[in-house]
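[1] Following is a predicted model, sequence given first.
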Amino acid sequence: MTNACNAQTQPRKSGTIFSLGELLVDLIPVEDGGRIEKTGAVLKVASGSAGIFACAVAALGASSGFLGKVGKDALSRMVYSTVREAGVDMDHVVVSNEGQIGLAFIEYLPDGKRNYEYYRSRSVGSLYRASELDADALGGAFALHFPGMLLDLTPELRETSLLAARAAKEKGALLSFDPNIRAELNSRESLERMISVIRMADVIAPTLAEGQMITGKTSTGDVLRALHEMGPSVVALTQDKDGAAVSRAGEVALCGGIDVPVIDPTGAGDTFAAALVVALQREMPLADMALFCNCAGTLVVTKRGAIGQAIPTLDAVNALMAQKPCRVKIVPLRDLD
């Protein structure tokens, strides 16, 4: 089941995969059980959903570019150089003295969950304005990707994201969207904004739980069919340790979970989404695409930190794929429960 108005008939084989968003610094306690309110050493890591996506695209061997805004403070310089050294084109990033880069403190709780404390109110990246967007950069691009949180963080990022999405579509690029629903930003209004972008998108990669929230459906098959009906021609549903489902052209690849030690899931979903767009650019068969994405996302969880730490190389992903670490089953979408 595809949507004719959104499906790209012949996606470009070449072109840069751009991501748009806010870069951040993650501060992660070095000691196990370290808490934000206590003293102790922290690991300082370049981060941000769109930044992780961009670095993963580059690590997987594709042309990657970033659209956003950073400051002139020391931490902005650290993140900018780290992302550039990862192979991402940063030529279209705005460097401004308007503010400082945002911070995210992460703590790992005894139950295995993560707690985030953000220090990003009016951060420089959240003030990326439509007038600062270099829309011409999207000419000849293969795809544009951005996370759903941008629709709610600030009015500036919302306007810029929507302008970039329209520009990408007008220029013939694929539009990739990660709903990335955050509890602190969730409201009926934000859900409606998210659905409006899903209707524009060609590719989306929510979690199963996010798909259930967006569609009001429960089963994997019902969620996939409902999301396709909204517009996207390619839909992936990630399910953490239970693997993923990737749906395209009326078929679904069901990919089982891969048994690895879970150290830190930060960036796994962003890396999965990056692998999905890279796989589309390379025109992988559906089963290979699902395995490629599943392996890329899985490798991230085996290390702490994402950019410069846990994002896997193409060789690492290929090596895991060669082990056939999980079963991949192709079923018709119409028959999937």
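    Nice, I can see it.
[2] Number of residues surrounding the spatially closest residue to residue 26 that is not a sequence neighbour?
    Among residues not flanking residue 26 along the chain, residue 47 sits closest, at 4.0 Å (C-beta to C-beta, 6 or more residues apart in numbering). All C-beta spots, glycine's among them, are computed from the backbone N, C-alpha and C. For residue 47, the count of nearby residues is 30 (other C-beta atoms under 10 Å).
[3] Residue 47 and residue 240: what is the separation?
    20 Å (C-beta to C-beta, to the nearest Å).
[4] now the helices: where do they sit in the stretch 101-250 of the chain?
    Here the stretch 101-250 of the chain has its helices, by DSSP state H, counting those that start in this stretch, at 150-153, 155-170, 188-198, 208-215, 220-230.
[5] Without its sequence neighbours, what residue ends up closest to residue 160?
    Leaving aside its sequence neighbours, residue 160 is closest to residue 130 (4.7 Å, by C-beta to C-beta, 6+ apart).
[6] Run a quick neighbour tally on that neighbour.
    Residue 130: 15 neighbours (other C-beta under 10 Å).
[7] show me the contacts for it.
    156, 159-160, 163 (C-beta atoms under 8 Å, 6 or more residues apart in numbering).
[8] Can you say which of these are buried?
    156, 159-160, 163 (16 or more other C-beta atoms under 10 Å).
[9] quick one: which of the residues you listed is nearest residue 51?
    residue 160 (15.8 Å; C-beta to C-beta).
[10] my guess is that closest one contacts residue 126, does it?
    No - contact criterion C-beta atoms under 8 Å: residue 160 and residue 126 do not qualify, at 10.3 Å.
[11] Distance check, the residue nearest to residue 122 when sequence neighbours are not counted against residue 157.
    Distance criterion C-beta to C-beta, 6+ apart; nearest residue to residue 122, sequence neighbours excluded, is residue 99 at 6.2 Å. Using C-beta to C-beta, we find residue 99 at a distance of 13 Å from residue 157.
[12] go on, residue 97?
    19 Å.
[13] which one of the two has more residues nearby?
    residue 157 (25 against 9).
[14] how many other residues sit next to the residue nearest to the more buried one when sequence neighbours are not counted?
    Of all residues not flanking residue 157 in the chain, residue 150 sits nearest, at 4.5 Å (C-beta to C-beta, 6+ apart). Using other C-beta under 10 Å, residue 150 has 27 other residues around it.
[15] you'd agree residue 150 is up against residue 159?
    No - Residue 150 is beyond contact range of residue 159, at 10.0 Å (criterion: C-beta under 8 Å).
[16] where does the chain dip in pLDDT?
    When residues are selected by pLDDT under 70, those of the chain lie in 1-13, 182-186.
[17] does the residue nearest the centre of the chain belong to a helix or a strand, and which?
    For the chain, the residue sitting closest to the mean C-alpha position, by C-alpha atoms, centre = their mean, is residue 270 at 3.1 Å. Using DSSP states H and E, the secondary-structure element containing residue 270 is helix 268-281.
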